[in-house]
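1. Just to be clear, the model below is a prediction. Sequence and coordinates:
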Amino acid sequence: MTRQLEAVYEQGVLRPLEPLSLPEHQHVVLILEVGAEKAGPASSTAEERRGELRWLAENSGPYAGEWVALDDCRLIAHGAKLADVRAAAKAAGVPEPFFASVPADSQTPFGGW
């Protein structure tokens, strides 16, 4: 699952500005955007990334357990390590790729009727 949220760094700890429903000791991967302008509502972010979200819904199966870098509806790079995928996206000249970790579990959660 990929989720974007804001946090504040205080006394050596990143504190999310909204509650997280994670179990204790859950490991997560953070991608920091330091000093970024405050993001608008989540719906605008989802709207801006509609192509990437559609690609994930329709094409992510073969990349289970990997990281992917997307630019709209186009796969830029994929691999086991985020650093390698990020480097490949940079080498491809994509200025702001969308990174996502595709769950290793091949079953897609049920999302509605």
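-> On my side now, so go ahead.

2. Every contact and neighbour count from this point should use C-alpha atoms.
-> OK.

3. Tell me the helix or strand right after the helix or strand of the chain with the lowest mean pLDDT.
-> Least confident helix or strand, the chain: helix 42-48 with a mean of 60, by mean pLDDT, DSSP states H and E. For helix 42-48, the following helix or strand on the C-terminal side (DSSP states H and E) is helix 50-59.

4. Now do the following helix or strand past that next one: distance to the chain's middle.
-> From helix 50-59 onward toward the C-terminus, using DSSP H and E, the following helix or strand is strand 67-71. Strand 67-71 has its C-alpha centroid displaced from the chain centroid by 9 Å (CA atoms, centre = their mean, to the nearest Å).

5. helices or strands up against strand 67-71?
-> helix 50-59, strand 74-79, helix 82-91, strand 98-101 (3 or more CA pairs under 8 Å, 6 or more residues apart in numbering; DSSP states H and E).

6. List the buried residues of the second one.
-> The one in question is strand 74-79. 75, 76, 77, 78, 79 (16 or more other CA atoms under 10 Å).

7. What residues does residue 16 make contact with?
-> 5, 6, 7, 8 (CA atoms under 8 Å, 6 or more residues apart in numbering).

8. for the nearest residue to residue 99 once chain neighbours are set aside, what are its contacts?
-> Closest residue in space to residue 99, ignoring its immediate chain neighbours: residue 69 at 4.6 Å, by CA to CA, 6 or more residues apart in numbering. Counting by CA under 8 Å, 6+ apart, residue 69 makes contact with 75, 76, 77, 78, 85, 86, 89, 97, 98, 99, 100.

9. Quick one: residues contacting the fourth one.
-> The reference is to residue 78. 63, 66, 67, 68, 69, 85.

10. Among those residues, name the buried ones.
-> 63, 66, 67, 68, 69, 85.

11. Pick the one among the residues you listed closest to residue 29.
-> Of all the buried ones among the contacts of residue 78, residue 29 sits closest to residue 67, with 11.2 Å by CA to CA.

12. if I read this right, the closest one contacts residue 83, doesn't it?
-> No. When contacts are counted by CA atoms under 8 Å, residue 67 is not listed as touching residue 83 (9.4 Å).
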